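Q: Return a 3D structure for these sequence lines:
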Amino acid sequence: MQLRNYAEFTSMRKLLLFAALLTAIVNCSSALAQTNCSTSGNSHLYCVPILAVENLHVPGATITPTVPPAFSALNASLGIELSDVPKPSPASGIIFSFGPSGLTRERELGPIFTERPSIVGRHKLYVAFTYQYFEFDKLDSVSLKNIPLQISGCQSGTPGCTTNPFIETQSRLDLKVHQFTVYATYGLFNRVDVSVAVPILDVRMGMHATCFVCGQTLPPSSTLPSGGLLVFTPNDTTASAGGIGDVTFRVKGTLVKGERAGLAVGVDVRTPTGNDLNYLGSGAIGVRPFAAVDYRARVSPHASIGYEANGSSVLASTDQSTAKSLPNFLTYTAGADIGVSKRLSVTGDLLGTVYFNANRLLLGAVTGPQGLGNPNVTCSLTSNATCQGQTFNTNSFSVGAKYNPTRNLIITANVLFKLDDNGLHYKPAPMGGISYTF
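A: This next block holds a predicted model:
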């Protein structure tokens, strides 16, 4: 009886610890607000690319420059994909299960990024901490070190504009993200556990804009009766932000748990706790049901699939103010982990995402006497004035290892490689982590 009471007390203490963590997360969550990047002194990261290309003026006159749709689409793409960079799964590397011989520990240390069907174990508490570093260098095949944009101060066909070349600019965008993530998973029942993942982000962005054609002669208008010279001034805009990102809650249940094969289903709920205007979060709730399968052996294949439905956010907008629906997307993973020894395993995973109706950045040229055929970024295949959504697929590959030096402690190391130029491309991204199951 004393042993039973002690076990119940220990389980309750673990549950209270998990509940305390959830309470702390809720208390740290902050309300989000929309912004107007034309506001003087605005330092949101969302405004860095916009302000870099808004540095236009007419000597002796007051003008309100408009943001080219392509750079609003740049922001939309950055915000959407930054909120969805790959994160390790909150599935424990140490799994406990009840069988004929009582509570036993599985030998397999499991995958790193793919979901795992097994749960952590009834009344077991798993905690983990990881660090990942991302340095982004491309967006839809457009190098972030060389983003061309042609700007015009008057509409095509307006008298006086037909022979004046567009202002031709070139920008360099530097974007780096340090992502720290805290995980906790608690086994409610023999086949059900609940999890929380709390990302803490440090995002740094800088943009340097120059020009090759720096002025455009404007025709007379109601605001400029005698016309004028629209001038672009080269400039630098930088900003950084840090704080809590979008917290994700999970419930997962094992449907099939055979001697070797397993099947589980679950649902992730991503909450908009991160500041979207600083690229710390998406600004919208996301719900992702998923399924995961594996086969446990010395070489253990595993796979998962999920579909995330998202709400509305200013990040999906191209007018800086009106919230629009973030793109929904399908996620899939497949790979295998290999038990090199009792304490060491290596794992490899293919990580894929299919985005539906998402803005993209396209590289082309503006033809005619004004555009001169020079390179130009846009967000639409058919119009320079509007943006259109597209469906596209992007893949990454993960290779890493797990080491169990003692008891229930696991040390994890991994590197992510982007396999294509679709969406936001990053250089090889290292990750390190530590976890323990109580």
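Q: How much space separates the nearest residue to residue 58 once chain neighbours are set aside from residue 59?
A: Of all residues not flanking residue 58 in the chain, residue 228 sits nearest, at 4.3 Å (C-beta to C-beta, 6 or more residues apart in numbering). In short, each C-beta sits where N, CA and C put it, glycine included. According to C-beta to C-beta, to the nearest Å, residue 228 stands 7 Å off from residue 59.
Q: check contacts around the residue nearest to residue 58.
A: Listed by C-beta atoms under 8 Å, 6 or more residues apart in numbering, the contact partners of residue 228 are 58, 59, 60, 61, 217, 218.
Q: May I have the beta-bridge partners of the fifth one?
A: Spelled out, it's residue 217. Bridge pairing for residue 217 (DSSP bridges) gives the partners residue 229.
Q: next one: the first one
A: Here residue 58 shows beta-bridge partners residue 61, assigned using DSSP bridges.
Q: Pretty sure it sits against residue 218.
A: Yes - the pair residue 58 / residue 218 is scored as a contact, 7.0 Å apart, by C-beta atoms under 8 Å.
Q: which neighbours do the two share?
A: Common neighbours of residue 58 and residue 218 are listed as 153, 224, 228, 229, 230 (criterion: C-beta under 8 Å, 6+ apart).
Q: buried stuff in the helix or strand containing residue 136?
A: Secondary structure from DSSP states H and E places residue 136 in strand 125-139. Buried positions in strand 125-139, judged by neighbour count with 16 or more other C-beta atoms under 10 Å: 125, 126, 127, 128, 130, 132, 133, 134, 136, 137, 138, 139.
Q: for stretch 395-414, same thing?
A: Residues 396, 397, 398, 400, 401, 402, 403, 404, 408, 410, 412, 414 are the ones in stretch 395-414 that count as buried (16+ other C-beta under 10 Å).
Q: what's it in contact with?
A: Taking C-beta under 8 Å, 6+ apart as the rule, stretch 395-414 contacts 86, 88, 93-94, 109-110, 112-113, 130, 335, 337, 342-353, 415-420, 430-438.
Q: Generate a PyMOL selection restricted to the buried subset of these.
A: Command for PyMOL that selects the buried part of these, burial taken from 16+ other C-beta under 10 Å:
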select buried, resi 86+88+93+94+109+110+112+113+130+335+337+345+347+348+349+350+351+352+353+416+418+431+433+435+436+437
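Q: what does the model give residue 8 for pLDDT?
A: Per-residue pLDDT puts residue 8 at 50.
Q: just residue 99 next, same as before
A: Model confidence at residue 99, given as pLDDT, is 55.
Q: For stretch 404-419, C-alpha coordinates in PDB please.
A: Extracted in PDB, the C-alpha atoms of stretch 404-419 (Å, rounded to 0.1, in the frame of the first residue of the first chain):
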ATOM      1  CA  ASN A 404      22.400   7.600 -24.400                       C
ATOM      2  CA  PRO A 405      25.400   8.100 -22.000                       C
ATOM      3  CA  THR A 406      23.600   7.100 -18.800                       C
ATOM      4  CA  ARG A 407      20.100   6.100 -17.500                       C
ATOM      5  CA  ASN A 408      17.400   8.100 -19.300                       C
ATOM      6  CA  LEU A 409      19.500  10.900 -20.600                       C
ATOM      7  CA  ILE A 410      19.900  11.400 -24.400                       C
ATOM      8  CA  ILE A 411      22.100  13.800 -26.300                       C
ATOM      9  CA  THR A 412      21.100  14.600 -29.900                       C
ATOM     10  CA  ALA A 413      23.000  16.100 -32.800                       C
ATOM     11  CA  ASN A 414      21.600  16.700 -36.300                       C
ATOM     12  CA  VAL A 415      22.100  18.700 -39.500                       C
ATOM     13  CA  LEU A 416      19.300  19.800 -41.900                       C
ATOM     14  CA  PHE A 417      19.900  20.200 -45.600                       C
ATOM     15  CA  LYS A 418      17.400  21.900 -48.000                       C
ATOM     16  CA  LEU A 419      17.000  19.900 -51.100                       C
END
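Q: which one is residue 429 nearest to, not counting chain neighbours?
A: Nearest one to residue 429, counting by C-beta to C-beta, 6+ apart, is residue 416 at 4.2 Å.
Q: what does residue 361 give?
A: Spatial nearest neighbour of residue 361, excluding adjacent residues (C-beta to C-beta, 6+ apart): residue 140 at 4.5 Å.
Q: Distance-wise, check the one you found relative to residue 359.
A: Distance of residue 140 to residue 359, given as C-beta to C-beta: 10 Å.
Q: So which of these two has more stuff around it?
A: residue 359 (28 against 22; other C-beta atoms under 10 Å).
Q: Show residues contacting the helix or strand harbouring residue 289.
A: In this structure, residue 289 sits in strand 286-295 according to DSSP H and E. Here strand 286-295 makes contact (C-beta under 8 Å, 6+ apart) with 111, 114-118, 246, 260-270, 300-311, 326, 331.
Q: hmm, 6 Å instead?
A: Outside strand 286-295, the residues that touch it by C-beta atoms under 6 Å, 6 or more residues apart in numbering are 115, 117, 260-270, 300-306, 308-310.
Q: what do you get for stretch 422-436?
A: With C-beta under 6 Å, 6+ apart as the criterion, stretch 422-436 contacts 81, 127-139, 392, 394, 408-418.
Q: Hmm, residue 215 and residue 165 touching each other?
A: No - taking contacts as C-beta atoms under 6 Å, residue 165 lies outside contact range of residue 215: 9.3 Å.
Q: ok, the two, which is more surrounded?
A: Higher neighbour count among residue 165 and residue 215: residue 165, with 19 against 16, using other C-beta under 10 Å.
Q: before we move on, the earlier item: report the buried members of the contacts of strand 286-295.
A: 115, 117, 262, 264-266, 268, 270, 300, 302-306, 308, 310.
Q: Perfect, that will be all.
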